[in-house]
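> structure for this input, please:
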Amino acid sequence: MITISNLKSGYNRMEVLKGIDFNASTKEITAIIGPNGSGKSTILKSIFNLCDIYSGQIKFLNQEITRTPTHQLIRLGISYVPQGRQVFGNLSVRENLEIGAFIFSDRKLVEQRIDAIFKRFSFLKEKQHDYAYTLSGGQQQMLSIARALMQGPKLLLLDEPSLGLSPKMVQEVFAKLTEINQEGITIIVVEQNAKQAIAIADKIYILEEGKIALTGGKEILSHPKIKNIYLGGN
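You can find the predicted model right below:
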């Protein structure tokens, strides 16, 4: 679905990604793990045109999208859930969802999408008139994901969805991601929780110092580097 070739990107002339090649297949979950500062989030931001791209190419469904404006990427079918549960706290849950559907002018379609979200996230229906800031951290993360799904994406990008959540809520978030993927949405997830990410992923990339250090499927679990560094020797 998405192919990255020899990508060099970063921020304010500081190169973070140093010529990476990356591929995420349709209807699969691709996980990106690695130490802090390795450039994991920069891959997502490069796809979504939120950083500086110095060279290389990004293709989505065989269409080049390198440096394509973000609002156009959303219309093409790419949605992004940033790190840190960025909800609009002083707006209601329903208003947050409506903002997610800003690309649609058809009010009937927006209501249909909200109804679909309420079937997938029943607690959001119960709290639809509550301010988003009153939700728990885990509920806010679910709302962030739901808001991105309002756009009807083919590809969903998630940056550290487990950050700051309780172990129980981490399990719930990753179960929901698996469910979303099973409905046909391709997912790329950047995650510090390597064990959780690998558990749901079809393909895994290990990033170190702006370069791909290792890639593979579930068999990557047996690699000594993964076991000793990312899984604590287990």
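
> can you give me the strands in this structure?
Remark: strands assigned in the chain by DSSP state E are 2-11, 14-24, 29-33, 52-60, 63-64, 78-81, 155-159, 186-190, 203-208, 211-216.

> can you put these in CSV and add mean neighbour count and distance to Leu124?
All C-beta atoms are positioned from the backbone trio N, CA, C, and that covers glycine. Putting the strands of the chain into CSV (neighbours: other CB atoms under 10 Å; distance: least, CB to CB, whole Å) gives the following:
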stretch, mean neighbour count, distance to Leu124
strand 2-11, 18, 28
strand 14-24, 18, 28
strand 29-33, 25, 23
strand 52-60, 17, 29
strand 63-64, 10, 33
strand 78-81, 24, 15
strand 155-159, 23, 17
strand 186-190, 25, 20
strand 203-208, 22, 30
strand 211-216, 15, 36
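
> could I get those as JSON lines with mean pLDDT and distance to Ala101?
Shown next, in JSON lines, are the strands of the chain (pLDDT from 0 to 100; distance: least, CB to CB, whole Å):
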{"stretch": "strand 2-11", "mean pLDDT": "98", "distance to Ala101": "23"}
{"stretch": "strand 14-24", "mean pLDDT": "97", "distance to Ala101": "25"}
{"stretch": "strand 29-33", "mean pLDDT": "96", "distance to Ala101": "24"}
{"stretch": "strand 52-60", "mean pLDDT": "97", "distance to Ala101": "21"}
{"stretch": "strand 63-64", "mean pLDDT": "96", "distance to Ala101": "23"}
{"stretch": "strand 78-81", "mean pLDDT": "97", "distance to Ala101": "11"}
{"stretch": "strand 155-159", "mean pLDDT": "98", "distance to Ala101": "15"}
{"stretch": "strand 186-190", "mean pLDDT": "98", "distance to Ala101": "20"}
{"stretch": "strand 203-208", "mean pLDDT": "94", "distance to Ala101": "30"}
{"stretch": "strand 211-216", "mean pLDDT": "92", "distance to Ala101": "35"}
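
> and Thr3, what does it touch?
Listed by CB atoms under 8 Å, 6 or more residues apart in numbering, the contact partners of Thr3 are Phe22, Asn23, Ile58, Lys59.

> look up how far Ile29 lies from the nearest residue to the third one once chain neighbours are set aside.
Read that as Ile58. Leaving aside its sequence neighbours, Ile58 sits nearest to Thr66 (CB to CB, 6 or more residues apart in numbering; 4.7 Å). To Ile29, Thr66 is 24 Å away according to CB to CB, to the nearest Å.

> could you do Lys127 as well?
For Lys127, the distance to Ile29 - CB to CB - is 28 Å.

> nearest the middle, which residue of the protein would you pick?
In the chain, the centroid-proximal residue (CA atoms, centre = their mean) is Leu158; its distance is 1.4 Å.
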